[in-house]
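In: Need coordinates for the below:
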Amino acid sequence: MSKIIARSAEIETLERLYNSNKSDFIVVYGRRRIGKTFLVNNVFADRFTFSYVGSRKQKPQKQLQRFAEQLKEYSGSRYAPTLKNWEEAFNELKALVEGKPKKKKKVIFFDEMPWIDTPRSSFVEALEYFWNAWAAQRSDILFIACGSATSWMVNKLVKNRGGLHNRITGQIYLRPFRLGECEEYLHGLGCKWDRYTVLQCHMALGGVPYYMSLLNPKQSLAQNIDRLFFAKNAPMIEEFDELFNALFSQAEKYIAVMKTLAATKEGLLRADIIEKTGLSGGPLTKILDNLERCDFIMKYAHYKATVRNTLYKICDPYSLFYFKFINAKNSKDEHWWTNNMHSHSVEAWEGFSFETICMLHLDQIKRKLGISGISTNTSTWRLLGDKESKGTQIDLVIDRSDRIINLCEMEFSETPYTINKSYEEQLRNRMALFKASTGTRKSLVTTLVTTFGVLPGIHSGIVQNEVVMDDLFVL
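Out: A predicted model of the protein is given here:
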């Protein structure tokens, strides 16, 4: 087995089900390029009884033809069977399995399953009958269904209300790597970068293993970004559109929602999304649910607000990078990133992206604050301005059951962060406004999340808790 980074729990699940004394049906899903196939192939390697990969935008007969070729390969037969439909295909698969030694667990792997389920193919119905009438009656089958189209995997398998209802015995959802996992992966590639550079890499590539695998350890991060995104025929230039078209039908509507959310730092209410995109009702609900399932967006509540006031924000750093610099880029400069990496535009994006990454590492923030075992509610807080005063906002509010509230600010900086008189007054004013506006009687604690900490000074006493970049790397 090749070394697999940061997937120990998933490996344990696969091995546990392989060694169980009954047949199991496991679903492995997650966005494109996240490492699903790599995980399954490396865990089982030479233990497959049968494996098949669906083909995108292929007619049923073509899918069946390729399925027949796989049956021929795994059976050692000289001829591939002629298959008219998926019921016949599964009957042939049963015959293949029944010819194998009885004591050995039979691993059956269907990769990119959503692509197999073409219109009028009756694939899911045939799968249901195969599992219920045959595989589930045995004790030696491990059936692995894998796919990138998360909405299909969830709706057709995990939440199936037909023949597969409550038949799924295991689920593995692969998410993008967090910072500590990115560091381990990059060091394994030979990119011996410091944590500040790893953080910047995460901002651009979003912790997606395949994207990081394209990095050249002999180049700097800036050179890599130029090569991947800005050079002529850059390998990542079409990735975003390919990603969304692979994951979602009517991808243009999903991209429209993402583009709308990317234009605002604070996030948007559902009503705002309706107004800006023209999407509404059930179709919008489906889009938002699917984007959230794939880790592209997150729901975030206003402090003490109703469900109707839930904010939607992009939580995928790669998508933020794409909309900020790739989708809108008109320059033909193949070294655009190297030439502009210290520009105001890039610095503003770094601040926004750092906030997003902090939100992805709430567990690490709570651990550093010593409140991992305390019940908490996280939210944001905003006070709208009027003619007499400007509005204000607190990025992250951690409301704790021990009657303490952490008012958190995230600040990205190349050096220890300096708090001057103006910023101290701003923090004190926000605390006072929060207390007056919410009427809370809990103790308020100003907390700063920074890259390298707060520089001690006459104004730094306003900060009662600090979380630094290294704390976010804890696994």
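In: Return the residues in contact with the one residue sitting closest to the centre of the chain.
Out: Geometric centre of the chain, nearest residue: D295, 3.5 Å, by C-alpha atoms, centre = their mean. Counting by C-beta atoms under 8 Å, 6 or more residues apart in numbering, D295 touches 31, 175-176, 315-316. C-beta here means a position set from N, CA and C on the backbone, and glycine is covered the same way.
In: For it, give its distance to T356.
Out: As judged by C-beta to C-beta, to the nearest Å, D295 and T356 stand 12 Å apart.
In: Repeat that for E10.
Out: 25 Å.
In: Just the helices from the stretch 151-300 of the chain, written as ranges.
Out: Per DSSP state H, counting those that start in this stretch, the stretch 151-300 of the chain has helices spanning 179-189, 195-205, 209-213, 221-225, 239-247, 251-262, 270-277, 281-293. These are given in chain order.
In: Alpha carbons only: can I get whichever strand or helix holds Y312 in PDB?
Out: Y312 is located in strand 311-314, with elements delineated by DSSP states H and E. What follows is strand 311-314, C-alpha atoms only, in PDB (Å, rounded to 0.1, in the frame of the first residue of the first chain):
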ATOM      1  CA  LEU A 311     -25.900  33.500   6.200                       C
ATOM      2  CA  TYR A 312     -24.400  31.600   3.300                       C
ATOM      3  CA  LYS A 313     -20.700  32.000   2.800                       C
ATOM      4  CA  ILE A 314     -18.100  30.300   0.600                       C
END
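In: so what secondary structure elements neighbour that strand?
Out: Applying 3 or more C-beta pairs under 8 Å, 6 or more residues apart in numbering; DSSP states H and E, one finds that strand 311-314 makes contact with helix 251-262, strand 268-269, strand 297-300, helix 344-360.
In: The third one pairs with which strands, and in what direction?
Out: Spelled out, it's strand 297-300. Partners of strand 297-300 in the sheet, by DSSP bridges, are strand 311-314 (antiparallel).
In: After the strand it pairs with, which helix or strand is next? Please name it.
Out: The helix or strand immediately downstream of strand 311-314 is helix 317-321, counting by DSSP H and E.
In: which other residues reach that next one?
Out: Residues from elsewhere that reach helix 317-321 (C-beta under 8 Å, 6+ apart): 202-208, 211, 240, 258, 262, 296, 314, 349, 352-353, 356-357.
In: Return a selection command, for use in PyMOL, containing the buried ones of those residues.
Out: In PyMOL, a selection of the buried entries from the contacts of helix 317-321 looks like this (16 or more other C-beta atoms under 10 Å):
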select buried, resi 202+203+204+205+206+207+208+211+240+258+262+296+314+349+352+353+356+357
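In: quick check, K84 in a helix?
Out: No. K84 is assigned coil when assessed by DSSP: H, G, I helix; E, B strand; the rest coil, not a helix.
In: re earlier: between D295 and T356, what contacts are shared?
Out: Both D295 and T356 are contacted by C315, under the criterion C-beta under 8 Å, 6+ apart.
In: for the helices and strands packed on strand 311-314, which one sits closest to S280?
Out: Among these, the nearest to S280 by C-beta to C-beta is helix 251-262 (11.5 Å).
In: got the angle for the closest one vs helix 281-293?
Out: For helix 251-262 against helix 281-293, the angle by axes from the mean of the first three to the mean of the last three C-alpha atoms, to 10 degrees is 70 degrees.
In: now helix 251-262 against helix 239-247, angle please.
Out: 130 degrees.
In: by contact count, what packs against helix 251-262?
Out: The contact analysis (3+ C-beta pairs under 8 Å, 6+ apart) places helix 251-262 against helix 239-247, helix 270-277, helix 281-293, strand 311-314, helix 317-321.
In: Could you list the residues in contact with that helix?
Out: For helix 251-262, contacts defined as C-beta under 8 Å, 6+ apart pick out 240-241, 244-245, 247-248, 267-268, 273, 276-277, 279, 283-284, 287-288, 290-291, 296-297, 312-314, 319-320, 323-324, 327.
In: Apply the buried test to those and list what passes.
Out: Among the contacts of helix 251-262, the ones that count as buried by 16+ other C-beta under 10 Å are 240, 244-245, 247-248, 267-268, 273, 276-277, 279, 284, 287-288, 290-291, 296-297, 312-314, 319-320, 323-324.
In: got the phi/psi numbers for the residue lying closest to A136 once chain neighbours are set aside?
Out: In space, A136 comes closest to S23 once its chain neighbours are excluded; the distance is 5.6 Å by C-beta to C-beta, 6 or more residues apart in numbering. When read as degrees, to the nearest 10, the backbone of S23 gives phi -80, psi 140.
In: which residues does S23 contact?
Out: Counted by C-beta under 8 Å, 6+ apart, S23 has contacts 135-143.
In: Same question for S437.
Out: L383.
In: cool, and F412?
Out: By C-beta under 8 Å, 6+ apart, the residues touching F412 are 350-351, 353-354, 450-451.
In: Mind putting those residues into a markdown table with pLDDT and distance to M469?
Out: Listed next are these as a markdown table, based on pLDDT from 0 to 100; distance: C-beta to C-beta, whole Å:
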| residue | pLDDT | distance to M469 |
| --- | --- | --- |
| E350 | 96 | 12 |
| G351 | 95 | 14 |
| S353 | 96 | 13 |
| F354 | 97 | 9 |
| T450 | 98 | 7 |
| T451 | 98 | 4 |
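In: Separate out the buried members of those residues.
Out: Buried members of the contacts of F412, counted by 16+ other C-beta under 10 Å: 350, 353-354, 450-451.
In: Turn those into TSV, columns for distance to Y74.
Out: Converted to TSV, the buried ones among the contacts of F412 look like this (distance: C-beta to C-beta, whole Å):
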residue	distance to Y74
E350	50
S353	46
F354	49
T450	55
T451	52
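In: which one of the residues you listed is nearest F50?
Out: For these, the minimum distance to F50 (C-beta to C-beta) is 43.4 Å, reached by S353.
In: Can you give me every residue that contacts V449?
Out: Contacts of V449 (C-beta under 8 Å, 6+ apart): 358, 365, 396, 408-411, 466-468.
In: would you list every one of the helices in the stretch 351-475 of the chain?
Out: Secondary structure of the stretch 351-475 of the chain (DSSP H, counting those that start in this stretch): helices at 362-369, 421-438, 469-472.
In: Tabulate those (JSON lines), appending distance to L444 and mean pLDDT.
Out: As requested, these are exported to JSON lines (distance: least, C-beta to C-beta, whole Å; pLDDT from 0 to 100):
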{"stretch": "helix 362-369", "distance to L444": "14", "mean pLDDT": "97"}
{"stretch": "helix 421-438", "distance to L444": "5", "mean pLDDT": "95"}
{"stretch": "helix 469-472", "distance to L444": "21", "mean pLDDT": "98"}
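In: Name the surrounding residues that touch the lowest-mean-pLDDT helix or strand in the chain.
Out: Sorted by mean pLDDT, DSSP states H and E, the helices and strands of the chain end with helix 150-152, the least confident at a mean of 88. Counting by C-beta under 8 Å, 6+ apart, helix 150-152 makes contact with 29-31, 113-114, 117, 247-248, 286, 289-290, 293-294, all of which sit outside it.
In: out of the contacts of S23, which is most surrounded?
Out: Neighbour tally across the contacts of S23 (other C-beta atoms under 10 Å): the maximum, 26 neighbours, falls on L142.
In: tell me which element the closest residue to that one other than its chain neighbours is part of?
Out: In this structure, L142 finds its nearest non-sequential neighbour in V107, 4.9 Å apart by C-beta to C-beta, 6+ apart. According to DSSP H and E, V107 maps onto strand 106-111.
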